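Enquirer: Make a model of this:
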Amino acid sequence: MIYLWVMDIILVASLFLLGGLLKGVLGAAKSIVPRIDAIAGVAAAASKDLDAVVVLLTTQNYISQIVGSVANYGGSLDIALPDA
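Expert: Next up is the predicted model:
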């Protein structure tokens with residue numbers, strides 16, 4: 001008879017423990033949605049930053065052309081302006 005009471009106490013304690021664990025899992029699961037929303041906002045802002053990559057590539061091409069043009073004038077300047 002005493003074993004039955006011990007088993008009942010263990011069963012009740014186990015149910016409380018299981019309930020606490022399930023409550024923790026439920027709380028963790030509910031916290032996922034706000035974090036995903038926060039990540040989505042950051043990802044949207046980052047994708048707008050990537051739109052500037054095309055402009056950077058165009059600018060890099062222009063700079064290469066300008067450097068080439070300046071290099072062509074460099075020889076002419078050596079002739080036009082003799083060393084003192």
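
Enquirer: tell me the SS of Val25?
Expert: Classification of Val25 by DSSP: H, G, I helix; E, B strand; the rest coil places it in helix.

Enquirer: and it, how many neighbours?
Expert: Val25 has 10 neighbouring residues, counting by other C-beta atoms under 10 Å. (Each C-beta comes from the backbone N, C-alpha and C, glycine too.)

Enquirer: Show me the contact partners of stretch 46-55.
Expert: Residues from elsewhere that reach stretch 46-55, judged by C-beta atoms under 8 Å, 6 or more residues apart in numbering: none at all.

Enquirer: That stretch: end-to-end distance?
Expert: 16 Å (C-alpha to C-alpha, to the nearest Å).

Enquirer: Any regions of this structure where pLDDT drops low?
Expert: Applying pLDDT under 70 to the chain picks out residues 71-84.

Enquirer: need the helices for it, in chain order.
Expert: Secondary structure of the chain (DSSP state H): helices at 2-30, 32-50, 52-80.

Enquirer: for stretch 32-48, which positions count as buried?
Expert: The neighbour-count check on stretch 32-48 (16 or more other C-beta atoms under 10 Å) flags nothing as buried.
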